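**Student:** Show me the folded form of this:
(2 chains)
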Protein chains: 2
Amino acid sequence: MSLLVVGSVALDSVETPFGKAENALGGSAVYISMAASYFAAPVRVVAVVGGDFPKKYVRLLEERAIDLDGLKVVDHAKTFRWGGRYHYDLNVRDSLYTELNAFEHFDPVIPEGYRKSSYVCLGNIHPALQRKVLGQIDGPRLVIGDTMNYWIENTADELQKTLKVMDVLIVNDSEARLLTREPNLVKAAKAIIAMGPTIVIIKKGEHGALLVTKETIFSAPAYPLETIYDPTGAGDSFAGGFAGWLAKTDDLSPENLKRAVIYGSSLASFCVERFSVERLRDLTFLEIKDRYRSFMSLSHFDDGV
Amino acid sequence: MSLLVVGSVALDSVETPFGKAENALGGSAVYISMAASYFAAPVRVVAVVGGDFPKKYVRLLEERAIDLDGLKVVDHAKTFRWGGRYHYDLNVRDSLYTELNAFEHFDPVIPEGYRKSSYVCLGNIHPALQRKVLGQIDGPRLVIGDTMNYWIENTADELQKTLKVMDVLIVNDSEARLLTREPNLVKAAKAIIAMGPTIVIIKKGEHGALLVTKETIFSAPAYPLETIYDPTGAGDSFAGGFAGWLAKTDDLSPENLKRAVIYGSSLASFCVERFSVERLRDLTFLEIKDRYRSFMSLSHFDDGV
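**Tutor:** I've put the predicted structure just below:
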């Protein structure tokens, strides 16, 4: 089934203890769509870049068969740029600069050919814009969305309206706690379900992810990587793998939601093995299945009799 | 097989957002032996209390068929007392007071009848005392040990010597990082294996536990409790369930180590449902098996084809 991805396309400059990348391809729409491209087709992107956006990055996305009809190029503007530095323990990062540029006035217009998209994945943008996107889609089958501290703190009312029309919210643990003022993550997930989404995923970084619905709680481990080269994009790669698997299978059963969480976790674990989208460029499905199986042996045990 | 437990027996006064307990039964040897008593027999305790130690607590331990021949009563001294208060998010606790009393001069003497114990679980005491205990045991099959920040920081050399004679080290994530100066937990576990133990378990509180050996990495989820009445003793209950299951089965295969981690996690999850050892007093094996199965459905997924 088709998957529509809305979010940012950026040029990231990132420094980690293992090296650095300058003006590398980044942004939520990029990580989501590249991760999803291993499962779903077509994957459609709605985003904005400036006239300086390198042709090589357009080709890179096209190599993954990502449909870029919805990528608007604003010739007189520059592309969104972010610079950041990660410390040794990788949980701490300094944003060195954020230049919104063309992204500042992003007003997503959904191309005619995208309006019948079955699955929609809304990257981290203003919650009012997320709703505006949905207003242009004809009865999507599943709406998956992300948000962040900034919107929780500064656009609380808009966010509440958007949550009412979202089926799946993917947030990290600190965002879940901030949104619900509830330290216990299971209670926080249930409080979010009371706000609208029927499915909540709480990402816990090195501790994995929690999937909560009214009927199910599923705890996915993190892949035990010894070296994380660049954590940028891990959360979006998770969302892309999750959304891509669901769009591919079009099955919202609890068992298939669990598989989607593990495919999301797999794509996130690949993402951080290299800088930018390097690792997400040319994975094979065999590698992805191997990683999925590693997650099984990492977390399975027998009935203990 | 027999299990020998060495550690503290204490009178705890604990306050949490859900209530409080005064002079309740506590201490590492108590939680470890009570949790282990559901699996192993005999469970033997070496510890010290003062003349004020209530008879009802002796009876409580005896009801769990725990062998108290090694419990020394120092009539003229008082029992170790600890007072603490947990905050709403339960990850933060204030120690209000610590009176070592009889425990200050604890010098574990292993009764003759305990010397052939097959499994040994060393609670959190001075690493030199842990080694002194082992010097009195005839070739134990498995030595499981705990430690804490205080010993890591103040008795580093003694701890290194003890690690060389320990088979399993159970620590929490901050202790593992402090001991190895390595933020990545998988790397930290491997660094600990280089110090002596062949099996390392890193407890991550609400995020579960990690089992690492040279060949295996296993990630166990935490049980998603919505209300934790009193976190005191969770780590020791984990160690007791883990050690008890191994002593019962006498099987150190990777598959059985995983089962032991899940039984440990199960006992820890019961422990925090009530104050002190209330919940560990009268569990049934059926309840424990049910909890074990809940861990399975919490973490299992199929092969995703």
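**Student:** how near is residue A:52 to chain B?
**Tutor:** 37 Å (CB to the nearest CB, to the nearest Å). Glycine gets a C-beta too; all of them are placed from N, C-alpha and C.
**Student:** I meant residue A:129, not that one.
**Tutor:** Distance from residue A:129 to chain B, by CB to the nearest CB: 33 Å.
**Student:** Pull the contacting residues for residue A:41.
**Tutor:** By CB atoms under 8 Å, 6 or more residues apart in numbering or on different chains, residue A:41 lies in contact with A:2, A:65.
**Student:** go on, the one 4 residues further on?
**Tutor:** Residues in contact with residue A:45 (CB under 8 Å, 6+ apart) are A:5-6, A:9, A:29, A:33, A:61, A:66-68, A:70-71.
**Student:** So residue A:198 sits against residue A:165, correct?
**Tutor:** No. Contact criterion CB atoms under 8 Å: residue A:198 and residue A:165 do not qualify, at 11.8 Å.
**Student:** partner residues bridging residue A:219?
**Tutor:** Beta bridges link residue A:219 to residue A:210, judged by DSSP bridges.
**Student:** Quick check: it touching residue A:212?
**Tutor:** No. The criterion here is CB under 8 Å, and residue A:219 misses it with residue A:212 at 9.8 Å.
**Student:** Could you check stretch A:17-35 against chain B for contacts?
**Tutor:** No. Stretch A:17-35 does not reach chain B (CB under 8 Å from any CB of the partner chain); its nearest approach is 10.3 Å.
**Student:** so of the contacts of residue A:45, which ones are in helices?
**Tutor:** If you go by DSSP state H, the contacts of residue A:45 have A:29, A:33, A:61 in helices.
**Student:** residues near the last one, how many?
**Tutor:** Neighbouring residues of residue A:61 were enumerated by other CB atoms under 10 Å in any protein chain shown; the total is 23.
**Student:** ok, it to chain B distance?
**Tutor:** 26 Å.
**Student:** give the contact list for the residue nearest to that residue when sequence neighbours are not counted.
**Tutor:** Closest residue to residue A:61 apart from its sequence neighbours, by CB to CB, 6 or more residues apart in numbering or on different chains: residue A:68 at 6.1 Å. Applying CB under 8 Å, 6+ apart to residue A:68 gives the contacts A:45, A:58, A:61-62.
**Student:** Just the pLDDT for residue A:68.
**Tutor:** pLDDT, residue A:68: 98.
**Student:** now residue A:158
**Tutor:** Reading off the model, residue A:158 has pLDDT 97.
**Student:** is it fair to say it lies in a strand?
**Tutor:** No. Residue A:158: not assigned to a strand; according to DSSP: H, G, I helix; E, B strand; the rest coil it is helix.
**Student:** can you give me the strands for the stretch 151-300 of chain A?
**Tutor:** A:168-172, A:199-203, A:209-212, A:217-220 (DSSP state E, counting those that start in this stretch).
**Student:** Next up, the contacts around the nearest residue to residue A:258 once chain neighbours are set aside.
**Tutor:** Distances taken as CB to CB, 6+ apart place residue B:301 nearest to residue A:258, at 4.1 Å, with adjacent residues excluded. By CB under 8 Å, 6+ apart, residue B:301 lies in contact with A:218, A:220, A:255, A:258-259, A:261-262, A:296.
**Student:** got those residues as JSON lines, with neighbour count columns?
**Tutor:** Converted to JSON lines, the contacts of residue B:301 look like this (neighbours: other CB atoms under 10 Å in any protein chain shown):
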{"residue": "A:218", "neighbour count": "23"}
{"residue": "A:220", "neighbour count": "28"}
{"residue": "A:255", "neighbour count": "14"}
{"residue": "A:258", "neighbour count": "20"}
{"residue": "A:259", "neighbour count": "21"}
{"residue": "A:261", "neighbour count": "26"}
{"residue": "A:262", "neighbour count": "28"}
{"residue": "A:296", "neighbour count": "14"}
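**Student:** out of those, which are inside helices?
**Tutor:** A:255, A:258-259, A:261-262, A:296.
**Student:** Adding pLDDT and distance to residue A:286 as columns, could you present the contacts of residue B:301 in TSV?
**Tutor:** Compiled in TSV, the contacts of residue B:301 are given as follows (pLDDT from 0 to 100; distance: CB to CB, whole Å):
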residue	pLDDT	distance to residue A:286
A:218	98	25
A:220	98	21
A:255	97	23
A:258	98	21
A:259	98	17
A:261	98	21
A:262	98	16
A:296	97	16
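**Student:** Can I get those in JSON lines including distance to residue A:152?
**Tutor:** Formatted as JSON lines, the contacts of residue B:301 follow (distance: CB to CB, whole Å):
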{"residue": "A:218", "distance to residue A:152": "24"}
{"residue": "A:220", "distance to residue A:152": "24"}
{"residue": "A:255", "distance to residue A:152": "31"}
{"residue": "A:258", "distance to residue A:152": "27"}
{"residue": "A:259", "distance to residue A:152": "29"}
{"residue": "A:261", "distance to residue A:152": "23"}
{"residue": "A:262", "distance to residue A:152": "27"}
{"residue": "A:296", "distance to residue A:152": "34"}
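**Student:** Among those residues, which one sits closest to residue A:50?
**Tutor:** The closest of the contacts of residue B:301 to residue A:50 turns out to be residue A:261 (CB to CB; 35.2 Å).
**Student:** if I pick the closest one, what's in contact with it?
**Tutor:** By CB under 8 Å, 6+ apart, the contact set of residue A:261 is A:201, A:209, A:211, A:218, A:220, A:242, B:301.
**Student:** Just put those residues in CSV and tack on distance to residue B:284.
**Tutor:** Output for those, formatted as CSV (distance: CB to CB, whole Å):
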residue, distance to residue B:284
A:201, 35
A:209, 33
A:211, 30
A:218, 27
A:220, 30
A:242, 39
B:301, 29
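**Student:** Could you identify the most distant pair in these?
**Tutor:** Pairwise over the contacts of residue A:261, using CB to CB, the maximum falls at A:201 and B:301, 14.1 Å.
**Student:** can you confirm residue A:57 is in a helix?
**Tutor:** Yes. Secondary structure assignment places residue A:57 in a helix (three-state DSSP).
**Student:** interface residues of the stretch 1-150 of chain A facing chain B?
**Tutor:** Contact residues, the stretch 1-150 of chain A versus chain B (CB under 8 Å from any CB): A:88-91.
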